[in-house]
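# Sequence plus predicted model, see below.
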Amino acid sequence: MARVYNFSSGPAALPEEVLKKAQREMLDWQGVGMSVMEMSHRSKEFTSILDSAKQRVKNLLKVPDNYEILFVQGGASTLFAQIPANLAYGFETVSYLDTGVWSSKAIKEAAKYAKVNVVASSKAQNYTTVPDLSEWQIDPNSAYLHIVQNETIGGVEFDFLPETDLPIVADLSSTILSREIDISRYALIYAGAQKNIGPVGSVLVIIRKDMLERSQDSLPSVWNFKQLALNNSMINTPPTYSIYLANLVLEWLDEQGGVSEIEKVNVEKARRLYQKLDSSRLYSNPIDPAYRSRMNVPFILQDESLNSEFLVEAENAGLKTLAGHRTVGGMRASIYNAMPLAGVDALIEFMSAFEKKHGY
Ligand code: PMP
């Protein structure tokens with residue numbers, strides 16, 4: 001069976017070369033006579049995989065030496081809870097920017113630990129934009145400032161950071177490794193693996209070492225960032241196979257020329273797709289053009305009664321998972337690193353034929 005172009009927001013498409021390599025190594029990883037799934041997490045073989053994944057992250061993202069790289073279990077939603085638990089001790093408030101569904105969920109969890117100061121919100125604009133920096137009211141006494149730089153559901157992305165003395169904590173789940181970033185501007189970044197890193201199962205956390213001192217011994221050990229760092233992310237059994245596949249994806253990204261090269265492809269993919277949306281009478285994207293996501297492109301059809309036909313015909317054309325998030329409807333094309341330019345071109349071609357067929 002031919003593989004399709006999968007536009008899922010996560011779990012998302014993985015590079016075919018990675019899946020093939022995993023297939024080749026499934027029964028016997030590098031001559032050890034067993035699958036990575038069957039290996040002890042304490043074995044030298046698995047330790048070498050974990051170390052390789054960390055080293056690749058360090059090189060690809062140019063992570064400075066004063067940061068720890070962790071693979072944490074649970075999902076990005078677990079981080080929503082772990083972050084205030086680890087970083088807010090001794091502080092009364094935490095500051096959060098509200099730019100969409102994922103910001104709001106993080107705020108809800110943080111409110112269980114501390115008073116949340118919402119620095120600015122685009123809720124009144126239906127989360128179609130990012131509040132101007134001049135409107136952000138950052139409480140200088142907060143434990144940290146939390147931002148979500150790419151809202152996966154809304155399709156809103158921004159790359160600027162405020163000048164602030166507060167440690168910046170960022171959810172980069174759906175933008176990590178898709179564009180160059182300056183890690184030294186952040187105190188902590190986290191990203192669920194199932195978009196640009198690998199399959200679901202782990203969260204990549206990059207934390208500045210001084211922040212580890214905030215984690216109190218009273219925290220559950222498996223939640224304690226300091227303990228996780230001291231134990232090389234292995235307080236308990238980590239999601240070994242997920243980390244192995246992440247390492248293969250990172251290796252693949254290296255082979256593509258790294259983040260700066262894939263960023264050029266990502267810019268071009270997004271440019272072509274938004275150009276299609278902007279020049280169409282059937283399709284449109286509701287997001288402020290200054291903050292349109294390169295990774296998640298939501299769009300609506302002028303005539304909503306065509307939605308199901310669009311989805312069925314797209315599937316028949318090998319273009320899968322284009323339905324928008326269940327809470328917002330419409331369509332969404334997630335075009336992470338593993339989506340080739342040819343996949344975006346195939347989508348655009350299909351959209352053009354569909355619109356012509358319906359007289360638009
Ligand atoms: N943050 C962002 C930006 C996300 O896109 C997601 C998942 N789509 C999450 C957090 C939550 O991730 P998880 O399902 O791994 O908890």
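Received, thanks. Numbers count the residues shown, from 1 in each chain.
# contacts and neighbour counts: CA atoms only from here.
OK.
# Tell me how many other residues crowd residue 245.
23 (other CA atoms under 10 Å).
# isn't it right up against residue 20?
No. Using CA atoms under 8 Å, residue 245 is not in contact with residue 20, being 11.1 Å away.
# overlap in contacts of the two?
Counting by CA atoms under 8 Å, 6 or more residues apart in numbering, residue 245 and residue 20 have no common neighbour.
# tell me the phi and psi of residue 96?
Residue 96 adopts backbone torsions of phi -130, psi 140, taken as degrees, to the nearest 10.
# how about the strands in the stretch 101-250 of the chain?
Ranges of strands within the stretch 101-250 of the chain are 115-121, 145-148, 150-151, 156-157, 168-171, 188-192, 202-208, based on DSSP state E, counting those that start in this stretch.
# so how far is the fourth one from its chain's centroid?
Relative to the chain's own centre, strand 156-157 is displaced by 12 Å; criterion: CA atoms, centre = their mean, to the nearest Å.
# I'd like the mean pLDDT over it, please.
In this model, strand 156-157 carries a mean pLDDT of 98.
# Any chance you could list what contacts that strand?
99, 127-130, 149-151, 287, 291-294, 296.
# Who are the contact partners of residue 136?
Taking CA under 8 Å, 6+ apart as the test, what residue 136 contacts is 97, 119, 120.
# which other residues reach the helix or strand hosting the first one?
In other words, residue 97. Element membership of residue 97, judged by DSSP states H and E, is strand 93-98. Around strand 93-98, the neighbours that count as contacts under CA under 8 Å, 6+ apart are 84, 88, 103-104, 107, 110, 114-123, 136, 138-139, 141-148.
# now do stretch 192-205
9-14, 68-76, 173-178, 188-191, 239, 242-243, 245-246, 249-250, 336-338.
# What's the ChimeraX line that selects buried ones from these?
Per 16 or more other CA atoms under 10 Å, the buried members of the contacts of stretch 192-205 correspond to this ChimeraX selection:
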select :9,10,12,13,14,68,69,70,71,72,73,75,76,173,174,175,176,177,178,188,189,190,191,239,242,243,245,246,249,250,336,337,338
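# and the ligand, which of the contacts of stretch 192-205 reach it?
75, 76, 173, 174 (CA under 6 Å from any ligand atom).
# Up against the ligand, what does the stretch 51-200 of the chain have?
Residues of the stretch 51-200 of the chain lying near the ligand (CA under 6 Å from any ligand atom): 75, 76, 77, 102, 151, 152, 173, 174, 192.
# Make a markdown table from the contacts of residue 136 and add neighbour count to it.
Below are the contacts of residue 136 laid out as a markdown table (neighbours: other CA atoms under 10 Å):
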| residue | neighbour count |
| --- | --- |
| 97 | 25 |
| 119 | 20 |
| 120 | 20 |
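# any idea which of these is closest to residue 343?
Proximity of those to residue 343 (CA to CA) peaks at residue 97, which lies at 33.5 Å.
# gap between that closest one and the ligand?
13 Å (CA to the nearest ligand atom, to the nearest Å).
# do you know how far that residue is from residue 256?
34 Å (CA to CA, to the nearest Å).
# Kindly report the same for residue 299.
29 Å.
# Neighbour count: those two, which is higher?
When residue 299 and residue 256 are compared for neighbours, residue 299 comes out ahead with 23 against 12, by other CA under 10 Å.
# what about residue 70, is that helix, strand or coil?
strand (DSSP: H, G, I helix; E, B strand; the rest coil).
# If you could redo that for residue 299, that was the one I meant.
strand.
# got the contact list for it?
277, 283, 284, 285, 286, 330, 331, 332.
# Give me the nearest residue to it, chain neighbours excluded.
Setting aside the residues directly before and after it, residue 299 is nearest to residue 285 in space (CA to CA, 6 or more residues apart in numbering), at 4.6 Å.
# Residue 355 and residue 341, how far apart?
Applying CA to CA to residue 355 and residue 341 gives a distance of 21 Å.
# So, low pLDDT: which residues of the stretch 151-300 of the chain?
For the stretch 151-300 of the chain, no stretch has pLDDT under 70.
# ugh, wrong one, the stretch 1-150 of the chain
Low-confidence segments of the stretch 1-150 of the chain (pLDDT under 70): 1.
# could you show me where the helices are in it, in order?
16-24, 44-60, 76-87, 101-110 (DSSP state H, counting those that start in this stretch).
# Nothing else from me, thank you.
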